[in-house]
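[1] I would like to see how this sequence folds:
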Amino acid sequence: MKYQASTARHLFIIMALTSLLLTGCAQPHPQATLYDRMGGQTTIDAVVENLLYRIADDNDIVGYFVNSNIDLFAESLATQLCDISDGPCTYDGPPMDRAHQTMGITNAHFNRVVEYLDAAMQEEGVNLAARNDMLGRLAPLYDDIMRLR
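    Below you'll find the model as predicted:
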């Protein structure tokens, strides 16, 4: 009898611990922000720098930036990407329609910059899901950048 009681008690303890462990596993974990999934500010800064080198190497695109303060632009873009990805930044630069109002950007040039951004994210190690999420969050800015409103 004593052996059965001891075995039953051990079995009960094992079942209780298993139940607690399974309950802990069943708790929903907060999903990481896009900012975290991208790798945080370090990766965002590297993506922006990578993007700017790609733009600088494209004679058709670089002209749009000839009168820009590139350091200020890089900082502003990094802040905007941080903000859009739910990071700790707040973009307080000009609205996209005002920032692009006199640029006369074509669809081909817009699409090329988007391709460069995707390639920069890929080269900096941002996975496909995070890249698609970022591009999806930026997509609504198209109308303002192209001044279609």
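
[2] what's the neighbour count on residue 131?
    Using other Cβ atoms under 10 Å, residue 131 has 20 neighbouring residues. Backbone N, C-alpha and C define where each C-beta goes, glycine included.

[3] before we move on, what about residue 123?
    Around residue 123 there are 13 residues (other Cβ under 10 Å).

[4] what's the nearest residue to it if we skip its chain neighbours?
    residue 50 (5.8 Å; Cβ to Cβ, 6 or more residues apart in numbering).

[5] how many other residues sit next to residue 132?
    Other residues close to residue 132 by other Cβ under 10 Å number 13.

[6] so where's the protein shaky on pLDDT?
    By pLDDT under 70, the low-scoring segments of the chain are 1-30, 101-102, 148-149.

[7] picking up where we left off before, in which helix or strand would I find the residue nearest to residue 123?
    helix 40-56 (DSSP states H and E).

[8] who does that helix touch, helix- and strand-wise?
    Where contact means 3 or more Cβ pairs under 8 Å, 6 or more residues apart in numbering; DSSP states H and E, helix 40-56 is packed against helix 34-38, helix 59-62, helix 70-84, helix 107-123.
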